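Visitor: have a look at this fold, sequence not included:
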């Protein structure tokens, strides 16, 4: 009887549980997967044998991230890793990336997405090192890095030819030169975030619009020096779905009317675009009939007229509408808005 | 009258039944429409013509014992009825999966062997929710898994003919583990089952708290310890064992030994040790100095590689629990202050950045933000 019991336990440990863990594993985040690996050698063996589980390295917010990354990349199961996130992690700098370049070159060959958001110690040198290892990179994000310069972008475009998603938000030292590099090298670019890249000007931006005609998402939040010169050119981006113009104080109705030509717009942020009036918004309303997200926060020049126009075309799709601070609109209580836009769920975007 | 006679006389009265046999030998008959809800059974009936009588009962896979079969058939019986609304089905499912985790596990396994995907999805979703965010120790307990090192090997020291530093490292870990297990064994013999469970949760709590504070302490200590690296092995061995006696936090212990064995030349900055494990830490630093880089992988045997892999995994996994809190404001303020930025401006930026996705990255458990604070002060 005891022998049978032992055998039962053995089957439970060595077969049943590992198989079940494998079934469950596809629903778990990376960190939980690693917990599973630590449960027993049989679970470990079972899970390791499924390479599809090990395509992501998640070191978000961890300390000692540089060392941990190197340790991970030297493990056989991460040899085909596709996605690495070091977002807001600590203790990772150029040296770690240099080590990776010299020792773990092979593991990054399949990398498609690299998130270095908030890794403030990394400079152009590190960018060169890491991008030289991942030729297939498609998504590159380096939010809030004040050491990155146009040099770093030069390395990026040289090493990674297939980028479709770029986030330079907060990289305040990047200039029009970077925009030129991006425009010249990434004609298939789909998503670009230039939030707070204050050195950039109209001419750089125009280069991007002309050459990256497949852009679907453009974020130029908190960039008050652009003018209609650039804004008008947005009209050529026929695939544009997401546009963040928060803080575009120079944007006029003229500019906005040109932007209205991007008929596929789903999300439009006009927070603090203080020169805009009904004219511009009505132009948007008449053209962009699939609008789901709109912020007019802080614009005093718009009135109930524009809301009526919007309601005519986008009543069925609008789910987020922020008209706080729009003192020109008299009927903007929650109930008033719901009358015009019955599917509205969110009434506040900006605080 | 025999069954067959009955069937001849009143065929419309006879429901069709499928005969199923579980691994323990017992045979039962099940209404056809219920049984056929399981693809595996369906296949057996249609492709192989099995299940029509007692003698031709379909042999179910070993993982389907009578208890599991009964549960599965309950599920099938409910869901195979076409007229039910989604709400009804959902409600049934929610009640259905209310069972202890071990059973849920068995059920997943059984349903999987019968290829009953909807039930596998249901149970595995429930299991995923249970596993999420838990430590390996907690998961092991929930699933009644033994402590792997006891089962796997007797923690015998490995032969180290080449004086490979990684094998030395592992042997030391085994020695430590042996000691820990001996102590736990002692406790087990003295105390009742329940109390042992309590011990564990106190352990977890300790490691949860100390793991965080330990990190910051560790960084400070390891930095100062680097200066004292040149110590003799012998001395360290004994002092490490001494240290182990005082140490009773299993998860942290293994967390600390990070598997820098495979890390070439990088400096291991913060092994987050408690003060007791400094000596073991120094060992690791010493070992690293002697390691070659890169291609030693080929010389390690797979079993050893696996062990190293596992210890590396400890390091890739944070020991603390992750919860998403909604107090972004406080976290953002802390974070911004730490980065010496203008907090209202940053807040605006972060919130706008956050409106594309949730600002989850700022929220850890309460200790998380404290920990980061501590670290920055250490620098």
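Guide: Structure received. Just so it is clear, the structure is predicted and the values come from calculations on it, not from any experiment.
Visitor: who in the stretch 151-300 of chain A is up against chain B?
Guide: Residues of the stretch 151-300 of chain A that fall close to chain B, judged by CB under 8 Å from any CB of the partner chain: A:169-170, A:195-196, A:221-222, A:244, A:246. To be clear about C-beta, it is placed using only N, CA and C from the backbone, and glycine gets the same treatment.
Visitor: what would those residues look like in a markdown table with pLDDT, neighbour count and distance to residue B:122?
Guide: What follows is those, written out as a markdown table (pLDDT from 0 to 100; neighbours: other CB atoms under 10 Å in any protein chain shown; distance: CB to CB, whole Å):
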| residue | pLDDT | neighbour count | distance to residue B:122 |
| --- | --- | --- | --- |
| A:169 | 95 | 24 | 41 |
| A:170 | 94 | 24 | 44 |
| A:195 | 95 | 24 | 43 |
| A:196 | 94 | 21 | 46 |
| A:221 | 94 | 22 | 43 |
| A:222 | 92 | 22 | 47 |
| A:244 | 96 | 25 | 40 |
| A:246 | 95 | 24 | 44 |
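Visitor: any chance of the residues you listed in a markdown table, with secondary structure too?
Guide: As requested, these are arranged in a markdown table below (DSSP: H, G, I helix; E, B strand; the rest coil):
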| residue | secondary structure |
| --- | --- |
| A:169 | coil |
| A:170 | coil |
| A:195 | coil |
| A:196 | coil |
| A:221 | coil |
| A:222 | coil |
| A:244 | strand |
| A:246 | coil |
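Visitor: can I get those in CSV including distance to residue A:260?
Guide: What follows is these, written out as CSV (distance: CB to CB, whole Å):
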residue, distance to residue A:260
A:169, 26
A:170, 29
A:195, 23
A:196, 26
A:221, 20
A:222, 23
A:244, 16
A:246, 18
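Visitor: who's in contact with residue A:296?
Guide: Residue A:296 is in contact with A:270-271, A:276, A:281, A:302, A:306, A:321-323, A:326, counting by CB atoms under 8 Å, 6 or more residues apart in numbering or on different chains.
Visitor: ok, for residue B:112, nearest residue in space, not its chain neighbours?
Guide: Counting by CB to CB, 6 or more residues apart in numbering or on different chains, the nearest residue to residue B:112 once its immediate chain neighbours are dropped is residue B:120, at 5.1 Å.
Visitor: which residues touch the one you found?
Guide: Residue B:120 makes contacts with A:23, B:108, B:111-112, as judged by CB under 8 Å, 6+ apart.
Visitor: how far does the helix or strand of chain A with the lowest mean pLDDT sit from its chain's centre?
Guide: For chain A, using mean pLDDT, DSSP states H and E, the weakest element among its helices and strands is helix A:2-11, scoring a mean of 75. Centroid separation for helix A:2-11 versus its chain: 52 Å, with CA atoms, centre = their mean, to the nearest Å.
Visitor: ok, residue A:174 to residue A:143 distance?
Guide: Separation of residue A:174 from residue A:143 (CB to CB, to the nearest Å): 12 Å.
Visitor: which one's more surrounded, those two?
Guide: The residue with more neighbours, out of residue A:174 and residue A:143, is residue A:174; 25 against 21, by other CB atoms under 10 Å in any protein chain shown.
Visitor: could you find the closest non-adjacent residue to the more buried one?
Guide: What sits nearest to residue A:174 in space, not counting adjacent residues and going by CB to CB, 6+ apart, is residue A:197, at 5.0 Å.
Visitor: any weak-confidence spans in the stretch 101-250 of chain B?
Guide: Counting by pLDDT under 70, the stretch 101-250 of chain B has low-confidence residues at B:147-174, B:176-177, B:181, B:188-250.
Visitor: try it again at 90.
Guide: For the stretch 101-250 of chain B, residues meeting the criterion pLDDT under 90 lie at B:135-138, B:140-250.
Visitor: return the residues of it in contact with chain A.
Guide: Neighbours of chain A within the stretch 101-250 of chain B, by CB under 8 Å from any CB: B:105-106, B:108-109, B:112, B:120, B:124-125, B:127-128, B:131-136, B:139-140, B:143-146, B:148, B:151-152, B:215, B:219.
Visitor: from the residues you listed, which land in strands?
Guide: Assignment to strands by DSSP state E places none of these there.
Visitor: give me the below-cutoff pLDDT ranges for the stretch 151-300 of chain A.
Guide: Those would be A:224, if you go by pLDDT under 90 across the stretch 151-300 of chain A.
Visitor: show me where it has its strands.
Guide: A:165-167, A:191-193, A:217-219, A:242-244, A:267-269, A:293-295 (DSSP state E, counting those that start in this stretch).
Visitor: would JSON lines of the ones you listed with distance to residue A:111 be doable?
Guide: Below are the strands of the stretch 151-300 of chain A laid out as JSON lines (distance: least, CB to CB, whole Å):
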{"stretch": "strand A:165-167", "distance to residue A:111": "13"}
{"stretch": "strand A:191-193", "distance to residue A:111": "18"}
{"stretch": "strand A:217-219", "distance to residue A:111": "22"}
{"stretch": "strand A:242-244", "distance to residue A:111": "25"}
{"stretch": "strand A:267-269", "distance to residue A:111": "29"}
{"stretch": "strand A:293-295", "distance to residue A:111": "32"}
